[in-house]
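Chemist: Sequence and predicted structure below; questions after.
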Amino acid sequence: MGRRCNNERSSCEPPDKKPLLALPECDIKEGTLLVDILGKEWKLGKAIGTGGFGEIYLATDDLCCDVNSEAPYVAKVENHSSGPLFVEIHCYLHIAKLESIVRWKEKMQMQHLAVPHYVASGSHIIGDNKYRFLIIPRYNKDLESIFEVKRKFNLKTVLTIGLQIIDALEYIHSNGYVHSDIKASNILFNEYINKKSFSLVTSPTLYRYRGCRPVRSCKVRKIHRVLRTNFNLQSMDNGTEYKVKNIDEIYLLDYGLASRYVTSTGEHKAFDVDSRKAHAGTILFCSRDAHVGVQSRRSDLECLGYNLIYWLTSDLPWSKYLSDPEMVHQKKTKCNQNVRAFLEYTFNSEFPRFLYDYFMYLHNLEFEAKPDYKYIKTLFSKALHEYGYKNNLLLDFDSLEGWGRKQKKTKCNSENVKIKRAVQSLTRTPLKSNQTMKPNLRKEKNLKADKDWAQALMDPEEIIKEAKIRRRKMTDTSDSNQSSGIQNLDLYALNPTAAMIEVFNRSMERINSGHTPRYREHSFVDYIEGYTPAMLEVYNRIKEREFQEYQRVSSRSKPKKKQTSKGNKRAIQQTKKEKPVALRRTYSLRG
């Protein structure tokens, strides 16, 4: 395993549960050698920052050289009894191994994940004091240092940061952890040289684990000459590799307050108020759940939402009450109950629409529900296009225009759009109507159909003739297609219902019994050219009345059988004297 330092206890041992009132002064000086849990040695440089419970040093694994300003790593060193660094080390070990990050990026098909990878950790003893340390990649700047100067970020920068943080939170949450302390001072990035169509990373943190040396300023011009001809991975004489970047990569750091929101069996922890963890994190940005000591995935998203508003406006409604966490909690609760009033107050009546949709989504999100990260990223991406920005993941700290307001289209831009449309119209393909093809002419009018239907009813003999001719044609075709009748139908192949079976049986009984309609000569007409269904109904009613009258008259005029009695002879003579009654035609459109 290699050489280890003489430690009595492992660095993975949890800290003492007793509260720490005052930390002893750090005895670690520049040039100190640290040995991690795998036995690898690290050399410390000067201290570049101070954390909540310790200090941050430059670090390198190149023991032959002095640790200068180009050191690729930093070492967070804290007292062994400190809790936050212990939590952070274990969080890195669970979620931030380089192999896990690479697999996730391949799975999600993303260029960058805003989570730094774990490098090393261990313990160190000086005299009677014992320290715990964590080695991670070094990043040059944090957003807080820029925000203190600018005091506001434009909407393009805020949305770009939000998109990358959402990706990082999705990865962290998928591993069972929540961050709990999202803010500008915990978001870091590297500065690199921009060259119109490409960017070159000058910090070798991504390649230092291969044993590469840092980039020297004298080599930058040579590297750019090579990259002008090839935008792929380039290898210099010393074996160092440099990759062209086309996005601004940010990283979410400081996992000292990270916690698991799932149990050992993978189930979500229940909502349980814990006063010992109340108001954990930064009071200005922590969520309502964090104010009562409960951590969840929606808690991180709410914290990010407050940051987005703060970066756009440099203010929040509860900024004046930070000394009273309970008052801040009440203000946040009241604001989330009326999101529109909250945003109108913060942005002075005009606010970006995506923030309203974002907070309304969080308002309806259940405590244990998994957030829809894709929907949130869609909100941010649509907002970029809505306000006239490109979704290229590039930060813009120079311009302050467009924050919270839609960009107005200038006259010059409108003229350019008109010119562009005019050019596009010249290159369009010809329309179908301009191509040689057979003209689509209208059909000739049917003169019979144009007749007035009231006039057509005035001549029923003509209608009857047309109906008889049509009926003969139908009977001729029915004889040729007799095999398609209902008697040849395979009913059970149609999966019939009970009603269908009943109708089929009645039809078959009628066919087998030889039953014919009430009248064959004057049957109902189903179709007459130029008639509407209502007109056909009137016509059929007229014919039915005529048939009934014909039956009544014929029954009266039918001669009776001869009888030998005198009375019967008298009755026969009377019937002979009666004259036949002529048929009376009746026409009524009322039925």
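Modeler: Ah, there it is.
Chemist: Please report phi then psi for Lys269.
Modeler: phi -70, psi 150 (degrees, to the nearest 10).
Chemist: if I read this right, it contacts Gly293, doesn't it?
Modeler: No - the pair Lys269 and Gly293 does not pass the contact test of C-beta atoms under 8 Å, sitting 11.7 Å apart. No exception for glycine: its C-beta is placed from N, CA and C like everyone else's.
Chemist: Just the CA coordinates for stretch 153-164, please, in CSV.
Modeler: Below are the C-alpha coordinates for stretch 153-164, written out as CSV (Å, rounded to 0.1, in the frame of the first residue of the first chain):
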residue,chain,number,x,y,z
PHE,A,153,-25.4,39.2,-13.6
ASN,A,154,-27.2,39.3,-16.9
LEU,A,155,-29.9,36.8,-17.7
LYS,A,156,-27.7,34.9,-20.1
THR,A,157,-25.1,34.2,-17.4
VAL,A,158,-27.7,33.3,-14.8
LEU,A,159,-29.4,30.8,-17.0
THR,A,160,-26.1,29.3,-18.1
ILE,A,161,-25.1,28.8,-14.5
GLY,A,162,-28.5,27.4,-13.7
LEU,A,163,-28.4,24.8,-16.4
GLN,A,164,-25.0,23.5,-15.2
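Chemist: Give me the residues contacting it.
Modeler: Under the contact criterion C-beta atoms under 8 Å, 6 or more residues apart in numbering, stretch 153-164 has outside partners 112, 114, 143, 147, 187, 248-250, 304, 308, 311-312, 352, 354, 377, 380-381, 383-384, 387, 389, 391, 393-397, 399-404.
Chemist: Show me those that map onto helices.
Modeler: 143, 147, 304, 308, 311-312, 354, 377, 380-381, 383-384 (DSSP state H).
Chemist: one step back: are any of the contacts of stretch 153-164 buried, and which?
Modeler: Buried members of these, counted by 16 or more other C-beta atoms under 10 Å: 112, 114, 143, 147, 187, 248-250, 304, 308, 311-312, 352, 354, 377, 380, 383-384, 387, 389, 391, 393, 395-396, 402-404.
Chemist: Show me the domain layout of this protein.
Modeler: 33-137, 141-190+249-386, 452-474+514-557+585-591 (automatic domain parsing).
Chemist: Throw those domains into JSON lines and include mean pLDDT and distance to Glu502, thanks.
Modeler: Listed next are the domains of the chain as JSON lines, based on pLDDT from 0 to 100; distance: least, C-beta to C-beta, whole Å:
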{"stretch": "domain 33-137", "mean pLDDT": "91", "distance to Glu502": "61"}
{"stretch": "domain 141-190+249-386", "mean pLDDT": "94", "distance to Glu502": "53"}
{"stretch": "domain 452-474+514-557+585-591", "mean pLDDT": "67", "distance to Glu502": "17"}
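Chemist: Now distance to Asp27 too, for those, in a markdown table please.
Modeler: Converted to a markdown table, the domains of the chain look like this (distance: least, C-beta to C-beta, whole Å):
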| stretch | distance to Asp27 |
| --- | --- |
| domain 33-137 | 5 |
| domain 141-190+249-386 | 22 |
| domain 452-474+514-557+585-591 | 103 |
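Chemist: Find the helix or strand that the closest residue to Thr50 other than its chain neighbours is a member of.
Modeler: Nearest residue to Thr50 in three dimensions, chain neighbours excluded: Ile56, at 7.1 Å (C-beta to C-beta, 6 or more residues apart in numbering). Secondary structure assigned from DSSP states H and E places Ile56 in strand 54-60.
Chemist: Name the residues that touch that strand?
Modeler: 23, 26, 28, 30, 34, 42-50, 67-69, 71-79, 82, 85, 131, 135, 138.
Chemist: What's the PyMOL line that selects buried ones from those residues?
Modeler: In PyMOL syntax, the buried subset of the contacts of strand 54-60 is picked out as below (16+ other C-beta under 10 Å):
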select buried, resi 26+28+34+42+43+44+45+47+67+71+72+73+74+75+76+77+78+79+82+85+131+135+138
